[in-house]
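**Q** model this:
(one chain, ligands or ions: 1)
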Amino acid sequence: MKYKAKISSFGHYVPKKVVNNFDLEKIVDTSDEWIRTRTGMFERRYAAKGENTSDLAYNAAMNAIEKSSVKYKDIELIIVATISGDHSYPSTSCLVQKKLGLKGIPAFDVSAGCTGFIYGINIAKQFIENGTYKHILVVGVELLSRFLNWEDRNTCVLFGDGAGSAIVSRNERGDISEFIDGDLEADGSQDDILVQPAGGSAMPASEETVKNHLHTVHMDGNKVFKLAVKSMQSSCETLIKRNNIRITDIDWLISHQANMRIIEALGKKLKIDSDHVIVNIEKYANTSAATIPIAISEAIETGKIKRGDMLLLVSFGAGLTWGSALIRY
Ligand code: UT7
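**A** Here you go, the predicted structure:
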């Protein structure tokens with residue numbers, strides 16, 4: 001390793017429109033009580049008509065840039081993690097590059113479901129450590145409200161729109177901040193428990209696929225729930241062991257916000273005090289690749305997370321994919 005990496009800043013953006021559980025009661029056979037007790041969610045945001053994934057990503061990117069001393073012209077690579085991009089191609093990262101006016105620098109998307117942001121920052125870390133780049137913009141963004149089946153109460157109440165971002169930079173001598181370690185894992189044999197079945201080469205769009213809601217999120221919630229807790233626990237333990245730290249060294253656990261019960265079960269298994277766990281699921285529901293950077297960015301804004309704090313980030317999602325990151329902010 002030639003250099004060390006760090007995170008210069010986090011940013012986020014959520015659309016203005018707020019939809020709460022009572023609003024959903026009017027659309028689908030559900031109740032505030034069920035959603036709240038089974039998931040911990042109360043509100044979520046939906047993008048406005050004409051507001052697209054790249055717009056959310058651009059706003060989150062600008063927010064991270066404004067909060068950092070890095071000038072946007074110093075950004076050398078853009079990585080966007082999403083499964084709900086503007087198009088199948090071109091990539092959403094290219095659209096963000098256009099909006100930022102950074103013509104010429106490389107840009108690519110990462111498809112790792114809700115683990116996308118963790119994959120993105122770990123990829124960025126490699127480019128920093130081998131000396132290729134000094135500043136990389138990573139965005140986790142989703143606009144899943146346009147990929148939901150409003151006749152399926154098992155899934156449609158769970159997701160929201162939003163974007164979170166980070167600038168991954170070279171750690172200069174004397175910097176307290178350091179991106180210490182990361183862990184990435186996947187299991188493609190469980191491809192069918194969290195999937196958008198149609199729209200790809202396996203099932204191209206047809207009248208039939210649209211009629212049968214096959215362009216939307218399909219999830220076996222129970223299976224995903226169990227695997228999420230187990231996999232996130234093992235990924236966190238891998239980093240804790242490999243870096244020879246104790247759970248009490250972690251100031252903040254920031255886990256994917258998919259279900260309050262998953263977050264609590266993970267906290268219990270890791271034996272981390274709930275006072276050290278960041279939760280915002282009640283406000284934004286599951287924004288997939290965006291949950292972690294949104295939660296961190298907000299917690300920095302409110303003064304909860306401070307420079308020098310030890311952060312453990314962990315996520316789980318479609319693929320299946322999971323992974324974590326150990327960061328001294
Ligand atoms: O972000 C990627 C990773 N995703 C996740 O990690 C999500 C993981 N899974 C979960 O969070 C949970 O499994 C869910 C929230 C999706 C479901 O919670 P659950 O406690 O596992 O509920 P269930 O699927 O076992 O369903 C229990 C009951 C069913 O009724 P019956 O069959 O017992 O009569 C469902 O039909 O709850 C019913 N139900 C609902 N009722 C009212 C399911 N969705 C709803 C709803 N409103 N929205």
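
**Q** show residues contacting stretch 193-201.
**A** Identification of contacts with stretch 193-201 by C-beta atoms under 8 Å, 6 or more residues apart in numbering yields 83, 88, 113, 147, 203-206, 209, 214-220, 223-224, 227, 317-320. The way it works is simple: take the backbone N, C-alpha and C, and place the C-beta from them, glycine included.

**Q** again, 10 Å this time
**A** If you take C-beta atoms under 10 Å, 6 or more residues apart in numbering as the criterion, stretch 193-201 is touched by 83-84, 88, 113-114, 144, 147, 155, 202-206, 208-210, 212-224, 227-228, 316-321.

**Q** return the set of buried residues in that stretch.
**A** With burial defined by 16 or more other C-beta atoms under 10 Å, the residues of stretch 193-201 counted as buried are 194, 195, 196, 197, 198, 199.

**Q** mind checking which of those are in strands?
**A** Here DSSP state E is the test, and those give 194, 195 as lying in strands.

**Q** just curious, which of the buried residues of stretch 193-201 is nearest to residue 241?
**A** Residue 241 lies nearest to residue 194 out of these, by C-beta to C-beta, at 28.0 Å.

**Q** tell me, what's the model's pLDDT at the closest residue to the closest one other than its chain neighbours?
**A** Of all residues not flanking residue 194 in the chain, residue 318 sits nearest, at 4.2 Å (C-beta to C-beta, 6 or more residues apart in numbering). At residue 318, the predicted lDDT confidence score is 98.

**Q** quick one: average pLDDT of stretch 303-311?
**A** 97.

**Q** measure it end to end?
**A** The stretch stretch 303-311 measures 14 Å between its terminal residues, going by C-alpha to C-alpha, to the nearest Å.

**Q** buried residues in it?
**A** Of the residues in stretch 303-311, 305, 309, 310, 311 count as buried by neighbour count, 16+ other C-beta under 10 Å.

**Q** quick check, the last one in a strand?
**A** Yes. Residue assignment for residue 311, taken from DSSP: H, G, I helix; E, B strand; the rest coil, places it within a strand.

**Q** closest point of the stretch 151-300 of the chain to the ligand, which residue?
**A** residue 221 (2.7 Å; C-beta to the nearest ligand atom).

**Q** pretty sure that residue sits against residue 158.
**A** Yes. Residue 221 lies in contact with residue 158 (C-beta atoms under 10 Å); the separation is 8.2 Å.

**Q** ok, which residues in the protein are in contact with the ligand?
**A** Residues of the chain lying near the ligand by C-beta under 6 Å from any ligand atom: 30-31, 34-35, 38-39, 114, 153-154, 157, 221-222, 224-225, 228, 258-259, 262, 286, 288, 316-317.

**Q** in strands only, show me those residues.
**A** Among those, DSSP E puts 316, 317 in strands.

**Q** any chance you could map the helices in this protein?
**A** 21-25, 32-39, 53-66, 92-100, 116-129, 153-156, 207-211, 221-242, 260-270, 281-284, 291-301 (DSSP state H).

**Q** take these and write them to a markdown table, including mean neighbour count.
**A** Converted to a markdown table, the helices of the chain look like this (neighbours: other C-beta atoms under 10 Å):
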| stretch | mean neighbour count |
| --- | --- |
| helix 21-25 | 16 |
| helix 32-39 | 15 |
| helix 53-66 | 24 |
| helix 92-100 | 22 |
| helix 116-129 | 25 |
| helix 153-156 | 18 |
| helix 207-211 | 10 |
| helix 221-242 | 18 |
| helix 260-270 | 18 |
| helix 281-284 | 22 |
| helix 291-301 | 25 |
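
**Q** thanks a lot, catch you later.
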